[in-house]
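> structure for the following, please:
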Amino acid sequence: LNQEEELKRFTKKINITRPSNKLFKLIEDKTKKELDSKALAERFLGYSTMNVLKTLLEEKPELSFSSNEIAENSSMVQARAYSIASSLKKHPEEVHLCIARVDEEINGQKVLGLCSNFLSSKVGLNSDTIEVYLHSNQKFRLPEDRSKDIIMVGPGTGIAPFRAFIEERNYQRDQGIKVGKDWLFFGDQRAEYDFIYGDELKAYQEKYNLKITTAFSRDQAEKIYVQHRMKEEANEIYSALENGAYFYVCGDARRMAKDVDQALREIISENGKDPETYIQNLKETQRYSRDVY
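The predicted structure is shown next:
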């Protein structure tokens, strides 16, 4: 590769923010197993590839790494899938995204989210173009019967597709179409700082058929999350489901989605129904959809 192509590879293609297991294995081989790859991964948690190599070269000046070795043993930058947070009806020829910028410290190292920080640095700038693709999620979409009610649970940036849902249904209402009720459960840490699209949603609540139930975990001594609000609204949720409402969840798969699913099962069980059978029926009729990550 010539110098220009090599530079493009490292700035556009190769993920040098986090070292790969292949790179640690290369180091293990170069030190003739003196440095164990698993131990290296634990030691350098939070380090960038360049910081790993810089530290090791300071400790072991006899080591050397060619740019090709680094490239061949690093992971490639992967495409990120973000839910579209807008309706084309309201924003023609635009796609809005709702992204949390990752900026944290791990093991004494500043760790920046690769894509979230790249995109945040481009906001309002026209200095560069970004390669994108569109993917249609056939299993996470509004009901064909617009008169059906929808219940949406989307804490944090999980609100993204639900903003699009709400905009789409509000547009339909403005066209005189009969549209069911929209009910959004939203949660984050503090209402003052973290109510994403808060002013916009409150305006919709005044004008359209939108109900908002919030859970801000740090605004009181006891932490309250969306699943707790669901349990408080158990009777109304069950009644809506019995009347054909669609139930959607978007956001964190590791904890939130599991907690929400458990709360839903408890609501169903408390109303005398078998939750396994009930939820299976909801899924089979595409009335329980999840977009979790």
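
> Ser289 falls within a strand, correct?
Yes - judged by DSSP: H, G, I helix; E, B strand; the rest coil, Ser289 forms part of a strand.

> for stretch 207-218, buried residues please.
Residues of stretch 207-218 classed as buried: 210, 212-217 (neighbour count, 16 or more other CB atoms under 10 Å). Every C-beta, even on glycine, is put in place using the N, C-alpha and C of the backbone.

> that stretch - what's its average pLDDT?
The average pLDDT within stretch 207-218 is 96.

> try stretch 180-194
Mean pLDDT, stretch 180-194: 97.

> just how off-centre is it within its chain?
16 Å (CA atoms, centre = their mean, to the nearest Å).

> buried ones in stretch 144-156?
By neighbour count with 16+ other CB under 10 Å, stretch 144-156 contains the buried residues 148-156.

> endpoint to endpoint, it covers what distance?
27 Å (CA to CA, to the nearest Å).

> going forward can the numbers begin at 45, since that is how I track them
Yes, from this point I'll number from 45; that puts the last item at stretch 188-200.

> tell me the domain ranges of this structure?
What the record gives for the chain is the domain set 47-117, 194-336, from the TED database.

> could you tell me the least trusted of those?
When the domains of the chain are compared by mean pLDDT, domain 47-117 comes last with a mean of 93.

> helices of the stretch 195-337 of the chain, residue ranges please.
Counting by DSSP state H, counting those that start in this stretch, the stretch 195-337 of the chain has these helices, from start to end: 204-218, 235-238, 242-251, 270-276, 278-286, 300-314, 319-328.

> nearest to Asn59, of these?
Comparing the helices of the stretch 195-337 of the chain by their distance to Asn59 (CB to CB), the top pick is helix 204-218, with 24.0 Å.

> what's next to the closest one, contact-wise?
Counting by CB atoms under 8 Å, 6 or more residues apart in numbering, the neighbours of helix 204-218 from elsewhere in the structure are 126-131, 133-135, 140-142, 184, 186, 190, 194, 196, 198, 223, 226, 228, 241, 244-245, 248, 251-254, 292, 294, 335.

> how about that helix: buried residues?
Of the residues in helix 204-218, those buried under the neighbour-count criterion (16+ other CB under 10 Å) are 204-214, 216-217.

> do stretch 156-168 as well
Along stretch 156-168, these residues count as buried under the neighbour rule (16+ other CB under 10 Å): 157-160, 163.

> mean confidence score for that stretch?
Computed over stretch 156-168, the mean pLDDT rounds to 85.

> one more: stretch 143-153?
For stretch 143-153, mean pLDDT rounds to 91.

> hey, C-alpha coordinates of that stretch in CSV?
As requested, C-alpha coordinates have been extracted for stretch 143-153 and formatted as CSV (Å, rounded to 0.1, in the frame of the first residue of the first chain):
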residue,chain,number,x,y,z
ILE,A,143,-27.5,8.8,20.1
ALA,A,144,-25.9,8.8,23.5
ARG,A,145,-22.3,9.9,23.3
VAL,A,146,-20.0,7.4,25.1
ASP,A,147,-17.4,9.2,27.2
GLU,A,148,-16.1,7.3,30.2
GLU,A,149,-13.0,6.3,32.1
ILE,A,150,-12.0,2.6,32.4
ASN,A,151,-8.8,1.5,34.1
GLY,A,152,-7.5,5.0,34.2
GLN,A,153,-8.0,5.4,30.5
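
> that older thread, can I get the domains of the chain in CSV with distance to Val146?
Converted to CSV, the domains of the chain look like this (distance: least, CB to CB, whole Å):
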stretch, distance to Val146
domain 47-117, 10
domain 194-336, 11
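
> for those, which one ends up most surrounded?
Among the domains of the chain, judged by mean count of other CB atoms under 10 Å, the one packed with the most neighbours on average is domain 194-336 (a mean of 17).

> how long is that domain end to end?
Between the opening and closing residues of domain 194-336 lies a distance of 18 Å (CA to CA).

> what are the C-alpha coordinates of stretch 81-99, in PDB please?
Listed next in PDB are the C-alpha coordinates belonging to stretch 81-99 (Å, rounded to 0.1, in the frame of the first residue of the first chain):
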ATOM      1  CA  SER A  81      -3.000 -12.900  25.700                       C
ATOM      2  CA  LYS A  82      -5.800 -13.300  28.300                       C
ATOM      3  CA  ALA A  83      -3.700 -11.500  31.000                       C
ATOM      4  CA  LEU A  84      -2.900  -8.700  28.500                       C
ATOM      5  CA  ALA A  85      -6.700  -8.300  27.700                       C
ATOM      6  CA  GLU A  86      -7.400  -7.900  31.400                       C
ATOM      7  CA  ARG A  87      -4.500  -5.500  32.000                       C
ATOM      8  CA  PHE A  88      -5.300  -3.300  29.100                       C
ATOM      9  CA  LEU A  89      -9.000  -3.000  29.500                       C
ATOM     10  CA  GLY A  90     -10.000   0.400  28.300                       C
ATOM     11  CA  TYR A  91      -6.800   1.100  26.500                       C
ATOM     12  CA  SER A  92      -6.700   2.000  22.800                       C
ATOM     13  CA  THR A  93      -4.500  -0.100  20.400                       C
ATOM     14  CA  MET A  94      -1.900   2.600  20.200                       C
ATOM     15  CA  ASN A  95      -1.700   3.000  24.000                       C
ATOM     16  CA  VAL A  96      -1.300  -0.800  24.400                       C
ATOM     17  CA  LEU A  97       1.600  -0.800  21.900                       C
ATOM     18  CA  LYS A  98       3.200   2.400  23.300                       C
ATOM     19  CA  THR A  99       3.200   0.900  26.800                       C
END
